[in-house]
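Q: My questions concern the predicted model and sequence given below.
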Amino acid sequence: MTTIMKAKTAIAALEEQLQKDAAQVKATIGREPNLTVLLVGDDPASAIYVRNKQKRAEQLGVDSQTLHLPADTTQAALLAKVHELNADDKVDGILVQLPVPDQIDDDAVINAIDPSKDVDGFTLQTTGRLWTVPKNSQETVGPCTPLGIIKLLDFYGIDIAGKNAVIVGRSNIVGKPMAAMLLNRGATVTIAHSQTENLHEVMRRADILVAATGRRHMVTAADVKPGATVIDVGMNRFIDENGKKRLVGDVDFDAVSKIAGAITPVPGGVGPMTVNLLMAQTIRAAAAKISQ
Ligand SMILES: Nc1nc2c(c(=O)[nH]1)N[C@@H](CN(C=O)c1ccc(C(=O)N[C@@H](CCC(=O)O)C(=O)O)cc1)CN2
């Protein structure tokens, strides 16, 4: 029987620990862990994601504030805001919601964040640490989406060590850090992408297949080894033939779930894990101050 790796079940198991950890921070420093989100512009999807973060923070005992800046905010103004938050002792985590408007160089802004407040796991310092952790280290740093995927795999008892992992997609936010995390856990890793030759053959060799391409249903049943674990990071919105709004992943779930050993649904799989790992990283950043 195929295991449907639902985030809800994994999150329920994580929730109590997160609440306890947040309460412990509050008892020690006299305030809740703080996450400050910078939202620039009026992207409707970003507004929803930021609202969801705020809601989740409240449920877990994390103080979250969103600073909403206008769409014409300059790079200099955004950098000044980041520097101000870096210097604010009451801010434990800083997140710049992506995407940002075109006039802003997201790389420069992200790397202006103090690495100790980089709860998104996007800075060069965090990236470097992720690729250089000691062998077999239990250290968990990096972006929240791949961290959430590792949590899901662990929760559902999927072995990683020694397995062939294929990641389709080479983004800095998902593909590359996912590769590092799976490698750190002992997988043999391939990063495939749009220029990969024989892509379908490469995907079919995977014991663990991670699809992060942003292309609706690019992974079909013919691309998946029977019994493989399939992780769908895609979030593709479209209007179907009946005029209904739909959200689907990069994997043809109906067909692939018939042959995979385990598979994440969209929605309800990887996405919600991202938000919960963000909270975990925020609590961790606040807790790190206590031990300093
Ligand atoms: N600074 C960041 N920006 C962005 C990130 C990020 O990790 N850091 N990731 C995405 C957006 N995102 C969080 O910010 C995010 C997207 C989607 C979900 C989610 O739970 N999705 C649901 C479906 C939601 C829906 O119906 O619209 C699911 O998959 O079940 C969580 C977080 C880009 N920007």
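A: Yep, it's here. For clarity, every value in this text was computed on a predicted model and none was experimentally measured. Numbering: from 1, shown residues only.

Q: Let's check: the centremost residue of this protein is which one?
A: Centroid check for the chain by Cα atoms, centre = their mean gives residue 145 as the closest residue, at 1.4 Å.

Q: what's stretch 148-163 in contact with?
A: Contacts with stretch 148-163, where a contact means Cβ atoms under 8 Å, 6 or more residues apart in numbering, come from 3, 5, 7, 9-10, 13-14, 140, 178, 181-182, 185-188, 207-208, 210, 229, 231, 233, 262, 264, 269-270, 273-274, 276-277. From N, CA and C alone the C-beta is placed, and that goes for glycine too.

Q: so of those, which ones are in strands?
A: Judged by DSSP state E, the contacts of stretch 148-163 include 3, 188, 208, 210, 229, 231, 262 as members of strands.

Q: give me the number of residues near the closest residue to the ligand within the stretch 151-292 of the chain?
A: Of all residues in the stretch 151-292 of the chain, residue 271 sits closest to the ligand, with a separation of 2.2 Å (Cβ to the nearest ligand atom). A count of nearby residues for residue 271, using other Cβ atoms under 10 Å, gives 21.

Q: So for it, what's the pLDDT?
A: Looking at residue 271, its pLDDT reads 97.

Q: How about the contacts made by it?
A: For residue 271, the contacting residues are 7, 235, by Cβ under 8 Å, 6+ apart.

Q: Apply 10 Å and report the result again.
A: Neighbouring residues of residue 271 by Cβ atoms under 10 Å, 6 or more residues apart in numbering: 7, 49, 52, 145, 148, 232, 233, 235, 247, 249, 264, 265.

Q: hang on, the earlier thing: filter the contacts of stretch 148-163 down to the buried ones.
A: Neighbour counting with 16 or more other Cβ atoms under 10 Å marks 5, 7, 10, 14, 140, 178, 181-182, 185, 187, 207-208, 210, 229, 231, 233, 262, 264, 269-270, 273-274, 276-277 as buried within the contacts of stretch 148-163.

Q: Export the strand or helix carrying residue 27 to PDB, keeping only CA atoms.
A: For residue 27, the element it lies in under DSSP states H and E is helix 7-29. What follows is the C-alpha trace of helix 7-29 in PDB, where atoms were taken according to Å, rounded to 0.1, in the frame of the first residue of the first chain:
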ATOM      1  CA  ALA A   7       2.100  17.100   6.600                       C
ATOM      2  CA  LYS A   8      -0.800  17.300   9.100                       C
ATOM      3  CA  THR A   9       0.200  14.000  10.800                       C
ATOM      4  CA  ALA A  10       3.900  14.900  10.900                       C
ATOM      5  CA  ILE A  11       3.100  18.400  12.200                       C
ATOM      6  CA  ALA A  12       0.900  17.100  14.900                       C
ATOM      7  CA  ALA A  13       3.800  15.100  16.200                       C
ATOM      8  CA  LEU A  14       6.100  18.100  16.100                       C
ATOM      9  CA  GLU A  15       3.700  20.700  17.600                       C
ATOM     10  CA  GLU A  16       4.000  19.900  21.300                       C
ATOM     11  CA  GLN A  17       7.800  20.100  21.200                       C
ATOM     12  CA  LEU A  18       7.700  23.500  19.300                       C
ATOM     13  CA  GLN A  19       5.200  24.900  21.900                       C
ATOM     14  CA  LYS A  20       7.400  23.600  24.700                       C
ATOM     15  CA  ASP A  21      10.500  25.100  23.200                       C
ATOM     16  CA  ALA A  22       8.900  28.500  22.600                       C
ATOM     17  CA  ALA A  23       7.500  28.500  26.200                       C
ATOM     18  CA  GLN A  24      11.000  27.700  27.500                       C
ATOM     19  CA  VAL A  25      12.400  30.700  25.600                       C
ATOM     20  CA  LYS A  26       9.700  32.900  27.100                       C
ATOM     21  CA  ALA A  27      10.300  31.700  30.600                       C
ATOM     22  CA  THR A  28      14.000  32.400  30.200                       C
ATOM     23  CA  ILE A  29      14.200  35.700  28.400                       C
END
